[in-house]
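In: 3D, please:
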Amino acid sequence: MRFPELRSPEALIALVEEIGFLPFFVNRIPGFSVEECCPRELWFAEGVDGPWEWKGPAARSGKCVYGKLFRGKAGFVSRQWLPELANFRRDGYDFDARFDDGLASVKDRDVYDAIARGPILSVDLRELLGYGKGGAHGFDTVITRLQMQTYVTVADFVYPLDRHGRPYGWGIAQYTTPESQLGGEAVTASYDKPPEESRLRILGQLKSILPDVEEGEVWRVMKG
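Out: Numbering: from 1, shown residues only. Purely as a prediction, here's the structure:
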């Protein structure tokens, strides 16, 4: 499948809704990324919003989620396909059950619990939990693992403002849970299936949109 050129956040959201899964950055599968679907002149151009700025509107749309969902790398998953991904990646566990069974660390629990109380900026989360210089280590590992397990997503990106009230910089990730973002039923709708069934459904969808890519290559990008 040849993916269309993207020139707006609306086009990005529409593509994610159509195909279900879309990594943000170049990966092992040629053409299968936001980066490759967007013309170079839209990247970090003065006075022009491009794919880097579209992440926030897409995450806020309620039509998809964004986070490190592809082998620890960022990308989008549609609202339709998130329940299958959550069922497979979580392997039947809500976070509390995972922790109670000894499958999540205390660090994981502390980060998850802080996010579950309400959307929180990454800088505030680090400060709240004592990460940083002279403090705890391993925040990036924990937050990536929680995203890959689909317990955490990015709700938005918040930009600092200059003295004229104009946003600047890279944008600060605001973390949330997909349940808070989309509603619990929208996330757990596939919990009645065996996780393996969800895995096969995901693989079938990826093979349908990437028919010329070997199954092993497809799954290397997608597996947890």
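In: Tell me what Q174 is bridged to.
Out: L121, D156 (DSSP bridges).
In: Other residues contacting the lengthiest helix in the chain?
Out: If each helix of the chain is counted by residues according to DSSP state H, the longest one is helix 195-209. Residues from elsewhere that reach helix 195-209 (CB atoms under 8 Å, 6 or more residues apart in numbering): 1, 19-21, 81, 83-85, 87-88, 90-92, 190, 213, 215, 218-219, 222. In this view, the C-beta of every residue, glycine as well, is placed from N, C-alpha and C.
In: Equivalent analysis for stretch 25-35, please.
Out: 2-3, 6, 12, 22-24, 36-37, 51, 70-71, 73-76, 210, 213, 217-218, 220-221.
In: hmm, try it at 7 Å
Out: 3, 6, 12, 22-24, 36, 51, 70, 73-74, 210, 213, 217, 220-221 (CB atoms under 7 Å, 6 or more residues apart in numbering).
In: rewinding a little: show me what counts as buried in the longest helix of the chain.
Out: P195, S198, R199, R201, I202, L203, Q205, L206, I209 (16 or more other CB atoms under 10 Å).
In: Just the C-alpha atoms of the helix or strand following it, please, in PDB.
Out: Once the chain leaves helix 195-209, the next helix or strand it forms, by DSSP states H and E, is helix 215-222. The C-alpha coordinates for helix 215-222 follow below in PDB (Å, rounded to 0.1, in the frame of the first residue of the first chain):
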ATOM      1  CA  GLU A 215       5.600 -11.200   8.100                       C
ATOM      2  CA  GLY A 216       8.600 -11.300  10.300                       C
ATOM      3  CA  GLU A 217       9.600  -7.700   9.500                       C
ATOM      4  CA  VAL A 218       6.100  -6.600  10.100                       C
ATOM      5  CA  TRP A 219       6.000  -8.100  13.500                       C
ATOM      6  CA  ARG A 220       9.400  -6.900  14.600                       C
ATOM      7  CA  VAL A 221       8.100  -3.300  14.300                       C
ATOM      8  CA  MET A 222       4.900  -4.200  16.300                       C
END
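In: which residues in the chain form strands?
Out: 21-23, 64-70, 73-78, 120-121, 153-158, 172-176 (DSSP state E).
In: which stretches of this structure have low pLDDT?
Out: Applying pLDDT under 70 to the chain picks out residues 1, 224.
In: Would you point out which residue is most central in it?
Out: Against the mean C-alpha coordinate of the chain, by CA atoms, centre = their mean, the closest residue is G67 at 1.9 Å.
In: list the contacts for that one?
Out: Residues near G67 by CB under 7 Å, 6+ apart: A74, Q147, V152, T153, V154.
In: give me that answer again for 10 Å
Out: G67 sits next to 24, 59, 73-77, 143-144, 146-148, 150-155, 173, 175-176, 178 when contact means CB atoms under 10 Å, 6 or more residues apart in numbering.
In: so what's it bridging to?
Out: G75.
In: And for A104, the neighbour number?
Out: 22 (other CB atoms under 10 Å).
In: From V77, how far out is it?
Out: 21 Å (CB to CB, to the nearest Å).
In: Please apply the same query to G183.
Out: Applying CB to CB, the value for G183 to V77 is 15 Å.
In: Can you show me the helices along the protein?
Out: Using DSSP H, helices in the chain cover 9-19, 34-37, 51-60, 82-90, 95-100, 106-116, 122-129, 139-148, 178-182, 184-188, 195-209, 215-222.
In: Sounds good, over and out.
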